[in-house]
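S.K.: Pasted the sequence and its predicted model underneath.
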Amino acid sequence: DTEVTQTPKHLVMGMTNKKSLKCEQHMGHRAMYWYKQKAKKPPELMFVYSYEKLSINESVPSRFSPECPNSSLLNLHLHALQPEDSALYLCASSLTTGMRGETQYFGPGTRLLVL
Amino acid sequence: AQSVTQLGSHVSVSEGALVLLRCNYSSSVPPYLFWYVQYPNQGLQLLLKYTSAATLVKGINGFEAEFKKSETSFHLTKPSAHMSDAAEYFCAVISVAGTALIFGKGTTLSVSS
């Protein structure tokens, strides 16, 4: 089973709202990632977690706050977002990070609209 | 720095025709290369990857790609297109540290009957 699940599938929020995106995998992977994908563009890396510790933050604004409560679960907390943050947010996982041949498995994404 | 360039943002073929999607890479170290497909309103699915073993890599759904170091290329091919192949295709290279996938801009494949 190579499934990464993400909830919700769609999310509409106002600029003053607080919401969270959830990602889950049960493949025993110890690396998890958040990517952001704008329409008609490729995914761009936001965060990398390795063994539940944040290892990479690609200069993402603080209104995005990641959390990895355990090895199977990855959250992205959203607060005071801007309309330009509207995008598809993709979660991915891999067995480890730092091994260049590892495959990253992607979830279906959460499509976020900020009004 | 690692990068990939996908030539042609949009490719149109007829059903049954050869599919050729082009990808060239730039890498300061031996590259590890990936092709992903994204169907509308879905996440990314791995088609195949090159990890320095065989230069001809076979993937899912009848796709294959050939790594050519002399041409710094990793083009994706399929002998006979199906309507179900219509999607966005991304070529990617893994970063030197092995953390981030660095994607090309993508190629939209359209298949007509």
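M.R.: Yep, that arrived.

S.K.: and the gap between residue A:52 and chain B?
M.R.: 16 Å (Cβ to the nearest Cβ, to the nearest Å). C-beta: built from backbone N, CA, C; applies to glycine.

S.K.: for that residue, what are its contacts?
M.R.: Residue A:52 makes contact with A:68-71, according to Cβ atoms under 8 Å, 6 or more residues apart in numbering or on different chains.

S.K.: Please apply the same query to residue B:44.
M.R.: Taking Cβ under 8 Å, 6+ apart, one finds A:43, A:90, A:92, A:106, B:36-38, B:90 in contact with residue B:44.

S.K.: on that earlier part again, which members of the contacts of residue A:52 additionally contact chain B?
M.R.: With the criterion set as Cβ under 8 Å from any Cβ of the partner chain, no member of the contacts of residue A:52 is near chain B.

S.K.: which among those residues end up buried?
M.R.: For these, a neighbour count by 16 or more other Cβ atoms under 10 Å in any protein chain shown gives the buried set as A:68, A:71.

S.K.: can you pull the buried residues of stretch B:63-74?
M.R.: In stretch B:63-74, counting by 16+ other Cβ under 10 Å, buried: B:63-65, B:67, B:73-74.

S.K.: do stretch A:90-110 as well
M.R.: A:90-94, A:97, A:100, A:102-110.

S.K.: now for these, which pair is the farthest apart?
M.R.: The largest separation in those, counting by Cβ to Cβ, is between A:100 and A:110 at 27.9 Å.

S.K.: Now do the strands in chain B.
M.R.: Secondary structure of chain B by DSSP state E: the strands cover B:3-7, B:10-14, B:19-26, B:33-38, B:44-50, B:56-58, B:64-68, B:73-78, B:87-94, B:101-103, B:107-112.

S.K.: what's the closest of the ones you listed to residue A:22?
M.R.: Comparing those against residue A:22 with Cβ to Cβ, the closest turns out to be strand B:44-50 (18.6 Å).

S.K.: Neighbouring strands of that closest one in the sheet, and parallel or not?
M.R.: strand B:33-38 (antiparallel) (DSSP bridges).

S.K.: Moving C-terminal from the worst-scoring helix or strand of chain A on mean pLDDT, which element do we reach first?
M.R.: Least confident element among the helices and strands of chain A, by mean pLDDT, DSSP states H and E: strand A:53-57 (a mean of 91). Counting by DSSP states H and E, the element after strand A:53-57 in chain order, helix or strand, is strand A:64-70.

S.K.: Can you pull the residues of chain B lying near chain A?
M.R.: So far as Cβ under 8 Å from any Cβ goes, chain B lies against chain A at B:32, B:34, B:36, B:41-46, B:49, B:51-52, B:90, B:94, B:96-101, B:103-106.

S.K.: For PyMOL, write a command that selects the buried ones of those.
M.R.: Here is the PyMOL selection string for the buried members of those, based on 16+ other Cβ under 10 Å:
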select buried, chain B and resi 32+34+36+43+44+45+46+49+51+90+94+98+99+100+101+103+104+106
